[in-house]
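A.B. asks: For reference, the sequence and a predicted model appear below.
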Amino acid sequence: EVQLVESGGGLVQPGGSLRLSCATSGFTFAGYAMNWVRQAPGKGLEWVSAISWNGGSTYYAESVNGRFTISRDNAKNTLYMQMTSLLSEDTAVYYCARDPTTTVAARPDSWGQGTQVTVSS
C-alpha cells in the first residue's frame, strides 16, 4: 500500500521558515518524481513544486520561486520542502503527491493526508 505522510506544518509568523517532510512507504521512492501541492482556505488545489526521481530537476510555481526549496533523500524515502520568507498567502494545507513517472509530470496519482501551514502574526 502506497503511503505518504506529511509533517512539519504549524503556526509561523510572516517572514519565518518551516521545513515540511513527507515520509513514504509501500513503493520504490527513487523510481518516482514527487510534488508538493497546497490548498488555501476556500480555494482550489495549487501546484507548488516538483522534483524528478534523482533530484536532478526541480520546478516551482512563480508564487514560491526563490523562497521554497524542494529536495529528497532517496535513502530515507523522504521528500522535503524548505519554506522561507513565508507570507500570509502561503497559509494552506500542504500535500505531498507522487507522480506516476520518474520525470516530473505534475499529474499525481497518490496523495498524503496533508499538513497545515498557518502564517500569521
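C.D. replies: Yes, it's here.
A.B. asks: Residue 89: how many residues sit nearby?
C.D. replies: Neighbour count of residue 89, defined by other CB atoms under 10 Å: 10. All C-beta spots, glycine's among them, are computed from the backbone N, C-alpha and C.
A.B. asks: all strands of the chain, in order?
C.D. replies: Counting by DSSP state E, one finds strands in the chain at the ranges 3-7, 10-12, 18-25, 34-39, 45-51, 58-60, 68-73, 78-83, 92-98, 110-111, 115-119.
A.B. asks: Which one of these lies nearest to residue 104?
C.D. replies: Residue 104 sits nearest to strand 45-51 of all the strands of the chain, at 4.3 Å, using CB to CB.
A.B. asks: Packing partners of that closest one?
C.D. replies: Judged by 3 or more CB pairs under 8 Å, 6 or more residues apart in numbering; DSSP states H and E, strand 45-51 is in contact with strand 34-39, strand 58-60, strand 68-73, strand 78-83, strand 92-98.
A.B. asks: Can you check what angle separates that strand from strand 34-39?
C.D. replies: 160 degrees (axes from the mean of the first three to the mean of the last three CA atoms, to 10 degrees).
A.B. asks: For the spatially most central residue of the chain, give me the pLDDT.
C.D. replies: Nearest to the mean C-alpha position of the chain, counting by CA atoms, centre = their mean, stands residue 36 at 2.7 Å. In this model, residue 36 is scored at 98, pLDDT.
A.B. asks: again with residue 102
C.D. replies: Residue 102 carries a pLDDT score of 86 in this model.
A.B. asks: How about it: what's its closest non-neighbour residue?
C.D. replies: Excluding its sequence neighbours, the residue lying closest to residue 102 (CB to CB, 6 or more residues apart in numbering) is residue 53, at 4.0 Å.
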